[in-house]
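In: predicted model and sequence below, questions to follow.
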Amino acid sequence: VELKDKMWRQLPQEGGQTSTCEAAPELTEAFKKFKTSRNQANNAFIMKINKPKLCVELEHNLEGVTIEEVAAELPPSAPRFIAYSYEWKHDDGRVSYPLIFIFYCPQGINTELNILYASTKPVLVTALGVQKIFSIDDAEKLDEEWLKDKLAFFK
């Protein structure tokens, strides 16, 4: 069956949402370990869609990386889902470790691929249980300044 044919036979999800892909059980198990790891400072969990299987899979699990190093791992012409545990040093001296979900979708990509990723995003966010959700379309803009600007809302 062609991918286009599969895309339009959407899987019903909780809350009436639809998705063309699901999170692989191995992905949710690996993500639980990622969330509960001892060292939560600047870790990235980069996910991609396996088109033939129509499921989200782990691409990279990176430890101790800056957001700029994460950006360098992103392909220039394919979307990715990123969970990033950030060591946030507040101005008052406090340190927190927010878990951030970033939907990276570069401009000018294939419409079919864009739809596939965009329709999967809300279901993946729910499956992973992340609260801080951001989108970006240019990996070069993904830096610590961008991240702090987005997190300023949550102070």
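Out: Perfect, I can see it now. Quick caveat: nothing in here was measured; it's all calculated off a predicted structure.

In: which one is E22 nearest to, not counting chain neighbours?
Out: Counting by CB to CB, 6 or more residues apart in numbering, E22 lies nearest to C55, which is 5.5 Å off, once chain neighbours are set aside. To be clear about C-beta, it is placed using only N, CA and C from the backbone, and glycine gets the same treatment.

In: what bridges to the one you found?
Out: When bridges are assigned using DSSP bridges, the partners listed for C55 are E22, N50.

In: quick check: closest non-adjacent residue to Y97.
Out: In this structure, Y97 finds its nearest non-sequential neighbour in Q40, 4.4 Å apart by CB to CB, 6+ apart.

In: pretty sure that neighbour sits in a strand.
Out: No - under the criterion used here (DSSP: H, G, I helix; E, B strand; the rest coil), Q40 is coil, not part of a strand.

In: show me what contacts it?
Out: Contacts were defined as CB atoms under 8 Å, 6 or more residues apart in numbering; by that measure Q40 touches 85, 87, 97.

In: now do P25
Out: The neighbourhood of P25, defined by CB under 8 Å, 6+ apart, contains no residues.

In: which of the helices or strands spans the residue lying farthest from the centre of the chain?
Out: In the chain, the residue that sits farthest from the middle, by CA atoms, centre = their mean, is D92; the gap is 29.2 Å. Here D92 is covered by no helix or strand, with elements defined by DSSP states H and E.

In: one step back: most neighbours of all the contacts of Q40, which one?
Out: Neighbour counts for these, by other CB atoms under 10 Å, peak at S85, which reaches 20 neighbours.

In: so that one touches A41, yeah?
Out: Yes - using CB atoms under 8 Å, S85 is in contact with A41, at 7.1 Å.

In: read off the pLDDT value for the residue nearest to E22.
Out: The pLDDT attached to C55 in the predicted structure is 93.

In: what residues are up against it?
Out: With contacts defined as CB under 8 Å, 6+ apart, C55 is in contact with 21-24, 27, 49.

In: could I get those in TSV, plus columns for neighbour count?
Out: Compiled in TSV, the contacts of C55 are given as follows (neighbours: other CB atoms under 10 Å):
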residue	neighbour count
C21	24
E22	18
A23	20
A24	16
L27	20
I49	22
